[in-house]
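Visitor: Structure for the following, please:
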Amino acid sequence: AASATSRFDVELIVFLAIILHKAPAAFGLVSFLISDGVDRKRIRRHLLIFSLAAPLMAIFTFVLLKSGIRDAYSVDSTGIAMLFSAGTFLFVATVHVLPEVQSHYDDKQFSPMELLILIIGCCFPIVLSMGHKH
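Guide: Numbering: from 1, shown residues only. Okay, here's the model as predicted:
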């Protein structure tokens, strides 16, 4: 999305934000792997892959979006990249985060109120986007 602005300062800020947020995420990953008893050699390998993923894919996406590929297709490639990103966040939330939340309930189900709040929260971005012409 930042590369679509054609402003280098915005692109650089977003790139740096992506890179800087990886440090606490990497710390969490290593802590989790150590607590799971993974040996140090495998932890280093996982950390290397995790550390390289964001900068390499950010550069790849930047080059792809700047290459003029969007002229070859009738759809907006920036929009597709943002949809893929949003889908990734939804996948992580539903597959990884919700079971962790559910496990704290000692095998109990969500109450109807909690489920309603969860559904409203999922639909909230749709409500916020109403009336915007982007």
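
Visitor: alpha carbons only for contacts and neighbour counts from here, please
Guide: Fine.

Visitor: can you list the weak-confidence ranges in the protein?
Guide: Within the chain, the stretches with pLDDT under 70 are 1-5, 65, 68-81, 95-110, 129, 132-134.

Visitor: mind running it again at 50?
Guide: The chain contains residues with pLDDT under 50 at 74.

Visitor: ranges for the helices of it?
Guide: For the chain, helices defined by DSSP state H occupy the ranges 8-35, 40-66, 69-72, 77-92, 98-103, 112-129.

Visitor: and the ones you listed as JSON lines, adding mean neighbour count?
Guide: Converted to JSON lines, the helices of the chain look like this (neighbours: other CA atoms under 10 Å):
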{"stretch": "helix 8-35", "mean neighbour count": "13"}
{"stretch": "helix 40-66", "mean neighbour count": "14"}
{"stretch": "helix 69-72", "mean neighbour count": "12"}
{"stretch": "helix 77-92", "mean neighbour count": "13"}
{"stretch": "helix 98-103", "mean neighbour count": "11"}
{"stretch": "helix 112-129", "mean neighbour count": "11"}
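
Visitor: how far away is the residue nearest to the spatial centre of the chain from residue 44?
Guide: Centroid-nearest residue in the chain: residue 89, 4.5 Å away (criterion: CA atoms, centre = their mean). Per CA to CA, to the nearest Å, residue 89 is found 25 Å from residue 44.

Visitor: Check residue 27 too.
Guide: 12 Å.

Visitor: for residue 44, what are its contacts?
Guide: If a contact means CA atoms under 8 Å, 6 or more residues apart in numbering, then residue 44 has no contacts.

Visitor: hang on, residue 26 packs against residue 52?
Guide: No. Contact criterion CA atoms under 8 Å: residue 26 and residue 52 do not qualify, at 11.0 Å.

Visitor: rewinding a little: which residues touch the residue nearest to the centre of the chain?
Guide: Going by CA under 8 Å, 6+ apart, the list of residues near residue 89 is empty.

Visitor: how's this protein carved up into domains?
Guide: What the TED database lists as the domains of the chain is 1-71, 73-133.

Visitor: residues in contact with stretch 111-123?
Guide: Under CA under 8 Å, 6+ apart, the answer for stretch 111-123 is an empty list.
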